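Colleague: Just need the structure, nothing else, for what follows:
(one chain, ligands or ions: 2)
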Amino acid sequence: MSRVEMGMPALRRSGRPSLDGRPDTSELIDRFGRIAHDLRVSITEKCSLRCTYCMPEEGLPPIPRDELLTVDEIVRLVSLAARHLGVREVRFTGGEPLMRRDLEQIVAGCHKQAPDIPLSMTTNGIGLAHRARRLAAAGLRRVNVSLDTVDRAGFARLTRRDRLDSTLAGILAARDAGMAPVKVNAVLMRPTLSGAPDLLRWCLDEGCQLRFIEQMPLDADREWARTNMVTAAELVDVLSSRFTLTEAGRGDDPSAPAELWQVDGGPATVGIIASVTRNFCGSCDRTRLTADGMLRSCLFSDQEFDVRQLLRSGAADAEIADLWRGAMWNKSAGHGINADGFEPPERTMGAIGG
Ligand code: SAM
Ligand code: SF4
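Modeller: Ligands and ions are numbered 1, 2, ... in the order given. Below is the predicted model of the structure:
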C-alpha cells in the first residue's frame, strides 16, 4: 500500500477534521476501533545531544518563542484530555524535556489539574541528577532514560557528545528519588550492537528495566535503510551469547509494545520493541501533541491539527475537544514502513516527540 492508500496525505495543518461516521463517544476513537488513552506531549525541540538516529548535527531549527506552548497552555490541554477525552496517562518528551527550565512547573500544574493521571517523561537524563527529587516532588512518577551503550567512546560517537557520565548519574538519581523502576531505552544501531550485553549487564546490576527499540525511519539525516537496520531477531542472537533468554510475552499488558524476554531464568527481563519488523499499529493507543501545539494521531502521519491557534483564539474546552476527537478519528491504519513507496514523514523524531 502507498502512503496515500494508508491515508497519509502530505503535511496538512489547520482546518477541521471530518467527524463523518464517528460514533457518539467522548473518547478518542478512530475508524479502526482503536481508542487513544496515552498522550505524548513534546515540550521542546531543543536537545543536549545529537543522536545520529534522531537529530541533525546542528540541531533542529528553533521553534520561535511565541509558537512554543506555555506552561498554562500545556496544563490546560493535559487537563482537558484527562477530563473530556479519556486520556489515562501522559508522558512528556521532546527534544529533551530537561532543556525546559519550567519543566517542574509543567509537571506540578498537570499533577494539580489531573491528579489521577500518571505523569512520566522520556529523557536522555542529562541534568536529571540535579532535578530528579524536585520532579518527583512535583508529581513525576516514572522516567524512561535513553541510553544506547555504556561504552564512553561509543556513546560519544552515537550522540555526538561526550556525556555518558551525566546520563548514568541521571538514571541513578531518578531511581534513588523513588521513580523506580527506571526504564532504559536503547535504539538498535549497528555500531553499538556488540555492546548490547554490557548494557544489559549494567541495567540488571542497577535495577533498571532495559528495552531495545528497532530504529525507525525518523532520523533528520535520512540515513535509515531497511537493508542495514538491526532487527530484533539479530539482537536476540547477540544477547544469547552471554545470557539465556526465554520468551515471556508482553507482561501484564497485552497491548504493550515491548515483547519481554526473561534473563537467565528471571525474574529480570529485557524488552524488545520491534516497531519495524513486528509492528503493533493495530493496538496503538497513542495521541500526540507537539511542542508548537499541533495534534498528531501517529508518528508517521503528515496530518496535523493546529490546537495552539484554537486555544489562543479563546476557544472553549468543548471546541478543542472536538478538534482532538476529529484528529484521532482520521488516524491511519498503520505506519506503512514496510509498504512499497514508503516515504518518511516531514517532521523527524525530535520534532514530533518519541
Ligand atoms: N530526548 C529524550 C530521549 O532521548 O529520551 C526524549 C525524546 S527522544 C526523540 C524519545 C525516544 O525516541 C528516545 O528513546 C529515543 O531513543 C527514541 N528515538 C529517537 N529517534 C529514533 C528512531 N529513529 N527510531 C527509534 N527510536 C528513536
Ligand atoms: Fe536528543 Fe533524544 Fe533525539 Fe537523542 S533521541 S537527539 S537525546 S531528542
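Colleague: distance between the ends of stretch 42-49?
Modeller: 16 Å (CA to CA, to the nearest Å).
Colleague: Same check on stretch 108-120?
Modeller: Span of stretch 108-120 from end to end, CA to CA: 12 Å.
Colleague: Work out the gap between that stretch and the centre of the chain.
Modeller: 18 Å (CA atoms, centre = their mean, to the nearest Å).
Colleague: buried set for that stretch?
Modeller: Ala108, Gly109, Cys110, His111, Ala114, Ile117, Leu119, Ser120 (16 or more other CB atoms under 10 Å). Backbone N, C-alpha and C define where each C-beta goes, glycine included.
Colleague: where does the first one fall, phi/psi-wise?
Modeller: Backbone dihedrals for Ala108, given as degrees, to the nearest 10, come out at phi -60, psi -40.
Colleague: try Lys331
Modeller: Torsion angles, degrees, to the nearest 10, at Lys331: phi -60, psi 140.
Colleague: go on, Pro97?
Modeller: Main-chain torsions, Pro97, degrees, to the nearest 10: phi -60, psi -30.
Colleague: tell me the contacts of it?
Modeller: Neighbouring residues of Pro97 by CB atoms under 8 Å, 6 or more residues apart in numbering: Ile43, Thr44, Leu103, Met121, Thr122, Thr123.
Colleague: what do you get for Arg242?
Modeller: So Arg242 contacts Pro197, Leu200, Arg201 (CB under 8 Å, 6+ apart).
Colleague: For the last one, what is the enclosing helix or strand?
Modeller: Element membership for Arg201, per DSSP states H and E: helix 196-206.
Colleague: Which strands and helices lie in contact with that helix?
Modeller: helix 164-176, strand 183-188, strand 209-214, helix 232-240 (3 or more CB pairs under 8 Å, 6 or more residues apart in numbering; DSSP states H and E).
Colleague: Buried residues, the longest one. List them.
Modeller: By neighbour count on 16+ other CB under 10 Å, the buried set for helix 164-176 is Leu164, Ser166, Thr167, Leu168, Ala169, Gly170, Ile171, Leu172, Ala173, Ala174, Arg175.
Colleague: ok, of these, which one's closest to ligand 2?
Modeller: Set against ligand 2, the nearest of those by CB to the nearest ligand atom is Thr167 (9.0 Å).
Colleague: quick one: the strands in the stretch 251-354 of the chain?
Modeller: Secondary structure of the stretch 251-354 of the chain (DSSP state E, counting those that start in this stretch): strands at 259-263, 269-273, 286-289, 294-296, 305-306.
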